[in-house]
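Novice: everything below, folded, please.
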Amino acid sequence: MRKIAIFVVLALTASCITATAQKQNKKVMKKVLFVVTSHDKLGNTGEKTGFWTEELAAPYYALADKGVQIDIATPLGGQPPIDPKSEDPSAATEDTKRFDSDTVLLEKLKHTLKLADINQADYDAVFYPGGHGPLWDLAENADSAALIAAFYTNNKPVSFVCHAPGALKNVKINGEFLVKGKKVTGFSNTEEAAVGLTKIVPFLLEDVLQENGATYSKADDWHPYAVEDGLLITGQNPASSKLVAEKLLQQLNSK
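Specialist: Numbers count the residues shown, from 1 in each chain. Modelled structure (predicted):
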C-alpha cells in the first residue's frame, strides 16, 4: 500500500513538473516576423543598397537569444540585398561579426518567405530592419501596408528602425494614417544630409512622418534613440536597433 502511495505521489509530482514546463515553454515561445527589403538600387546613382546588416543582426540576436522564433519575409522572397556599406569593417559590431559567421541565419536569408504569403495570425509581432531599400519598395508595397495594419488591429506590436518606418508611409487604420497622433522617430533629415543622400532618396522620412500627422522626435545624429507609443515602436538609426528589440521583447513578455 505504501509503495502504491509513493508511486502516486511521484506520478503526480512528475505530472505537475511537466505541466509547469509546458506552461513556461508556451509562455516564452513567441514568434516574430522580420520584414526585409528586396530593393537593391540606390536611386539613379548606379550604387547598390538593401538592408543594413546591423539593423537585422542586432535585433535578431536580441530576440533569438531569448527564445523568440523568427521568420524572415521579403516582397520578392529569396535572398534580400545587403547594403554594401553596412559590410564595411568601419560599420562592424559584435552582432555583425556574429552574423558574418552564422551559417544558419545566412542560409535562412537565402530562402526568405514571400510577403504576399504571410498571415499575421501566425505571429506575435512584426519587426522591420532598415537600410535605404525600404524607402523604395516597402514604403509602396500594398502587402506590407495591409500586414502592418493587420498586426496593429489585432493588438500585436509593430516595430521599425532607421529607414524602416518608411514602410508606415501608406498604412491607414479606419481611413487615418496609423502614425497620426503617434510619437515616432526614424532616420532624421540631418542624418540623411550627413550621408549625402537627401537628393537621392524618394522622400525624406522625417518629413513624411510629420506630414502624416506623427509627432516626430530625435536624438543627436547617430545616437541610440527609440520611441514607444502603445504597440508602435520606432528607432532612429542603426545604433537604435537593439533598443527597439528590447522594447519589443518587453511587450512580448507582457502578453
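Novice: helices along the chain, start to end?
Specialist: Under the criterion DSSP state H, the chain carries helices at the ranges 2-28, 53-64, 94-100, 103-110, 142-153, 189-194, 205-211, 241-254.
Novice: ends of stretch 46-56, what's the gap?
Specialist: Counting by CA to CA, to the nearest Å, you get 24 Å between the two ends of stretch 46-56.
Novice: I misspoke; the intended subject was stretch 79-87.
Specialist: 16 Å.
Novice: how about it: buried residues?
Specialist: For stretch 79-87, a neighbour-count test (16 or more other CB atoms under 10 Å) marks 80, 81, 82, 83, 85, 86 as buried. No exception for glycine: its C-beta is placed from N, CA and C like everyone else's.
Novice: tell me the contacts of the fifth one?
Specialist: So the one you mean is residue 85. residue 91 (CB atoms under 8 Å, 6 or more residues apart in numbering).
Novice: state the distance from it to residue 148.
Specialist: Remark: distance between residue 85 and residue 148 (CB to CB, to the nearest Å) = 27 Å.
Novice: one more: the last one?
Specialist: Plainly put, residue 86 is 24 Å away from residue 148 if you go by CB to CB.
Novice: so where's this structure shaky on pLDDT?
Specialist: 1-28 (pLDDT under 70).
Novice: spell out for me which residue occupies the centre of it.
Specialist: residue 127 (2.0 Å; CA atoms, centre = their mean).
Novice: now do the contacts for that one.
Specialist: Residue 127 neighbours (CB under 8 Å, 6+ apart): 32, 33, 34, 35, 59, 63, 159, 160, 244, 245, 248.
Novice: that one - nearest residue in space that isn't next to it in sequence?
Specialist: Spatial nearest neighbour of residue 127, chain neighbours left out: residue 159 (4.7 Å); criterion: CB to CB, 6 or more residues apart in numbering.
Novice: do the same with residue 77
Specialist: By the measure of CB to CB, 6+ apart, the closest residue to residue 77 outside its immediate chain neighbours is residue 114, 3.7 Å from it.
Novice: what about that neighbour, neighbour count?
Specialist: Residues contacting residue 114 under the criterion other CB atoms under 10 Å number 14.
Novice: that one and residue 71 touch, don't they?
Specialist: No. Counting by CB atoms under 8 Å, residue 114 stays clear of residue 71, with 11.5 Å between them.
Novice: tell me which residues touch residue 181, please.
Specialist: Contacts of residue 181 (CB under 8 Å, 6+ apart): 213, 214, 215.
Novice: distance of residue 174 from residue 149?
Specialist: Distance of residue 174 to residue 149, computed by CB to CB: 10 Å.
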